[in-house]
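Undergrad: Need coordinates for the following:
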Amino acid sequence: MASTQLGNEDLAKSVSNGVRIAFGIGALIAVVVGILILVWPGRTALAATAIIAVYAIVAGLVYAGIGIFSRGLGGWARVGHIVLAVVFVVAGIVAFLNLAAAATFLAVFLSVLVGIMWVVEGVVALTTLGSGPSAWTIVFAVLSIVAGVILFFSPLWGAVVLWWLLGISLIVLGVMQAVRAFTFRPAQGA
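TA: Reported below is the predicted structural model:
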């Protein structure tokens, strides 16, 4: 019985150390990426675009493999996978041919997408006013709609601001995660 108790304590300590290490690695990555975004925003955007391009090419190759070698798929499903593979690979290659243009396009696209989401979120918030008006809901809705419209009219500027906010957020969240790594204690009885 004593060896089982000792084994459980060792297991709990090992799990606890694993969680601390995971928190610490996550914190380090978040802080480093946040600093890179703030210090070299353009280069970091290019690197992020390159990672997305690599992902597109790898995903395209996987879809090609599924389309070519999967025996369980019907004819149209195989053709669909192969077409999707071609689209992914071509998109990845085009992105690599001009990373700066691809990064700019991606930034503008994401900025417009966030703008649309903020406008919709603001409108949805306004629809909840019928169940009881709230000053906070009105303020939130108006700010959300205004921010979304600003992103429509200046998506590149908005993308830059969002990129900086992402960098700042990653640093703050990384520091908080580091604190969690150093203060993590397993639950009693675990």
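Undergrad: And the one helix or strand Val172 maps to, what does it pack against?
TA: Element membership for Val172, per DSSP states H and E: helix 155-183. Applying 3 or more CB pairs under 8 Å, 6 or more residues apart in numbering; DSSP states H and E, we find helix 155-183 packed against helix 2-39, helix 41-69, helix 99-127. Placement of C-beta: from N, CA and C, glycine included.
Undergrad: hmm, 7 Å instead?
TA: Judged by 3 or more CB pairs under 7 Å, 6 or more residues apart in numbering; DSSP states H and E, helix 155-183 is in contact with helix 2-39, helix 99-127.
Undergrad: Confidence-wise, which of those is weakest overall?
TA: Note on the helices and strands packed on helix 155-183: helix 2-39 shows the lowest mean pLDDT, a mean of 81.
Undergrad: Tell me the buried residues in that one?
TA: 20, 23-24, 26-27, 30-31, 33-34, 36-38 (16 or more other CB atoms under 10 Å).
Undergrad: next one: stretch 117-125
TA: Buried-residue list, stretch 117-125, by 16+ other CB under 10 Å: 118-119, 121-122, 125.
Undergrad: what separates it from the chain centre, distance-wise?
TA: 21 Å (CA atoms, centre = their mean, to the nearest Å).
Undergrad: got a list of contacts for that stretch?
TA: 137, 140-142, 144-145, 147-149 (CB atoms under 7 Å, 6 or more residues apart in numbering).
Undergrad: again with stretch 61-79
TA: 81-82, 84-85, 88-89.
Undergrad: Lowest pLDDT pick from these?
TA: Per-residue pLDDT puts His81 lowest of the contacts of stretch 61-79, at 89.
Undergrad: got the angle between the host helix or strand of it and helix 41-69?
TA: In this structure, His81 sits in helix 75-97 according to DSSP H and E. In terms of direction (axes from the mean of the first three to the mean of the last three CA atoms, to 10 degrees), helix 75-97 departs from helix 41-69 by 150 degrees.
Undergrad: Need the CA coordinates for helix 75-97. CSV is fine.
TA: Output of helix 75-97 as CSV, limited to C-alpha atoms (Å, rounded to 0.1, in the frame of the first residue of the first chain):
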residue,chain,number,x,y,z
GLY,A,75,-15.1,9.4,-58.0
TRP,A,76,-16.4,12.9,-57.3
ALA,A,77,-15.0,13.0,-53.8
ARG,A,78,-11.6,12.1,-55.2
VAL,A,79,-11.8,14.8,-57.8
GLY,A,80,-12.9,17.3,-55.2
HIS,A,81,-9.9,16.4,-53.0
ILE,A,82,-7.6,16.8,-56.0
VAL,A,83,-9.1,20.1,-57.0
LEU,A,84,-8.8,21.3,-53.4
ALA,A,85,-5.2,20.2,-53.4
VAL,A,86,-4.4,22.2,-56.5
VAL,A,87,-6.1,25.3,-55.0
PHE,A,88,-4.1,25.0,-51.7
VAL,A,89,-0.8,24.3,-53.4
VAL,A,90,-1.2,27.2,-55.9
ALA,A,91,-2.3,29.6,-53.1
GLY,A,92,0.8,28.6,-51.1
ILE,A,93,3.2,29.0,-54.1
VAL,A,94,1.6,32.4,-55.1
ALA,A,95,2.0,33.6,-51.5
PHE,A,96,5.7,32.6,-51.5
LEU,A,97,6.3,34.3,-54.8
